[in-house]
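# I'd like to go over a predicted model; first the sequence, then the structure.
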Amino acid sequence: MLIGLVRHGKTDWNEEGKIQGQTDIPLNAAGIAQAISLGNRLSSEERIWDAVISSDLNRAYATAQIIAEKLNIPLLESDPRLRERYFGEVEGTKEQERHERWGTDWRNVAEGVETNEAVRARGLSAINEWKQAFPDRNLLVVSHGSFLAQLLAEVCTGLEDQYLSNLSYSILERREEGWHPQLYNCTIHLTP
């Protein structure tokens, strides 16, 4: 079984440096173009994906729609477990504002920020369900940066922690000993 992990395309808040969390911000024109670029890349490569599934937040779902249409594969019902981390009162703020209001340890100080453990538990719940429901299908998952970073850290031991760019593409392969990264945080499809 393969699982592909894709971070959604850009939004206005991404460009402004604001944390989105579960605030439902749509893709902007750049984000739509990024999704089309990945769709073009995947449609020119050997077909490995059987279906696409995404978070139910608009920016991820719209990215998934574009890719599924380009690959002519099913778009499964969105899954709220794939949502971005909930950032509570921090959502909509820029880094400087966060540091001024809560300090550099804002993740542990601000109200309502979802813990790493809770984010990882949501991701593992989804993966375990897919292993049972779709053992012979390869799923392309469109989600969010912080969520995907936590999921990767949980299932891939020793993986270098990198910032996941908008429309980054990673591939995990299920092996007997666990999940193995075949591709990690690739954005070659975004270079002109």
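All right, it came through fine.
# when you work out contacts or count neighbours from here on, use the C-alpha atoms and nothing else.
Noted.
# and Gln22, which of the three is it?
coil (DSSP: H, G, I helix; E, B strand; the rest coil).
# count of residues packed around it?
By other C-alpha atoms under 10 Å, 16 other residues sit near Gln22.
# what's in contact with stretch 53-73?
The contact list for stretch 53-73 (C-alpha atoms under 8 Å, 6 or more residues apart in numbering) reads 7-9, 11, 22, 24-27, 31-32, 35-36, 38-40, 42-43, 49-52, 74-84, 139-144.
# let's go with 6 Å and repeat that
8, 24, 26-27, 35, 39, 43, 51, 75-76, 78-80, 82-83, 141-143 (C-alpha atoms under 6 Å, 6 or more residues apart in numbering).
# please identify the buried residues of it?
By neighbour count on 16 or more other C-alpha atoms under 10 Å, the buried set for stretch 53-73 is 53-68, 70-71.
# then stretch 4-21?
Quick answer for stretch 4-21 (16+ other C-alpha under 10 Å): 4-11, 13-14, 18-21.
# which residue packs closest to Pro26, ignoring adjacent ones?
Closest residue to Pro26 apart from its sequence neighbours, by C-alpha to C-alpha, 6 or more residues apart in numbering: Arg59 at 4.8 Å.
# I meant to write Ser170 there.
Tyr184 (4.3 Å).
# with Asp136 instead?
Closest to Asp136 by C-alpha to C-alpha, 6+ apart is Met1, at 6.1 Å.
# hmm, who's touching the biggest strand by length in the chain?
Ranked by residue count, the top strand of the chain under DSSP state E comes out as strand 178-186. Strand 178-186 is contacted from outside by Cys156, Leu164, Ser168, Tyr169, Ser170, Ile171, Leu172, Glu173, using C-alpha under 6 Å, 6+ apart.
# try it again at 10 Å.
1-7, 152, 154-157, 159-160, 162-174 (C-alpha atoms under 10 Å, 6 or more residues apart in numbering).
# count residues in the vicinity of Ala30, would you?
For Ala30, the count of nearby residues is 14 (other C-alpha under 10 Å).
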